[in-house]
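**Student:** mind folding the following:
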Amino acid sequence: MSQEKAVRRKVLVAKLGLDGHDRGAKVITMALRDAGFRVVYLGVHQSPENLVRVALEEDVEAIGVSILSGSHEELISDLMRIARERGVRAPIIVGGVIPPEDIPRLKELGVFEVLMPGTPLSKVVEIFKKAVGEAQ
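**Tutor:** Residues are numbered from 1 along each chain as shown. The predicted structure follows:
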């Protein structure tokens with residue numbers, strides 16, 4: 001890994017929508033920090049617009065979004081549209097309670113990866129490394 005890449009590795013993690021349960025997102029944030037990522041954690045109740053604004057301001061390499069509310073298709077659709085319109089190129093990783101039958105639709109929208117509850121933290125870190133171009 002180059003010195004520049006080691007310094008960058010900056011990602012954004014947020015809870016999208018009205019869901020206020022953030023324990024999982026906080027655990028992911030800590031695991032990414034422990035793995036050497038610089039993490040911008042936005043917390044709960046984020047809108048797609050705010051998430052994209054911060055992603056651009058912070059110049060992140062990947063975006064992790066947690067959704068448990070069941071509104072994942074609408075929120076991710078909005079997020080992906082706004083991200084494209086504003087030129088965000090960072091891969092978007094979605095985690096949370098997502099029915100397996102909804103995963104193909106999220107991938108069609110452009111989601112990099114969908115992580116389900118119980119995904120080992122080592123796997124989460126591996127996915128984020130792939131997202132920022134550090135495939136192992």
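
**Student:** against which helices or strands is the longest strand anywhere in the chain packed?
**Tutor:** Looking across the chain with DSSP state E, the single longest strand is strand 38-46. Contacts defined by 3 or more CB pairs under 8 Å, 6 or more residues apart in numbering; DSSP states H and E place strand 38-46 against strand 10-16, helix 23-34, helix 48-58. The C-beta positions use only the backbone N, C-alpha and C, and glycine is treated the same way.

**Student:** try it again at 6 Å.
**Tutor:** Applying 3 or more CB pairs under 6 Å, 6 or more residues apart in numbering; DSSP states H and E, one finds that strand 38-46 makes contact with strand 10-16, helix 23-34.

**Student:** please identify the most buried of those.
**Tutor:** Comparing these by mean neighbour count (mean count of other CB atoms under 10 Å), strand 10-16 ranks first with a mean of 25.

**Student:** what packs against that one?
**Tutor:** Packing partners of strand 10-16 (3+ CB pairs under 6 Å, 6+ apart): helix 23-34, strand 38-46, strand 62-67.

**Student:** among the ones you listed, which is nearest Leu56?
**Tutor:** Evaluated with CB to CB, the helices and strands packed on strand 10-16 place strand 62-67 nearest to Leu56, the distance being 10.8 Å.

**Student:** using PDB, list the CA coordinates for that closest one.
**Tutor:** The C-alpha trace of strand 62-67 is given here as PDB (Å, rounded to 0.1, in the frame of the first residue of the first chain):
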ATOM      1  CA  ALA A  62     -16.300   5.100   0.400                       C
ATOM      2  CA  ILE A  63     -19.700   5.500   2.100                       C
ATOM      3  CA  GLY A  64     -21.300   3.100   4.500                       C
ATOM      4  CA  VAL A  65     -25.000   3.500   5.100                       C
ATOM      5  CA  SER A  66     -27.000   1.600   7.800                       C
ATOM      6  CA  ILE A  67     -30.800   1.200   7.500                       C
END
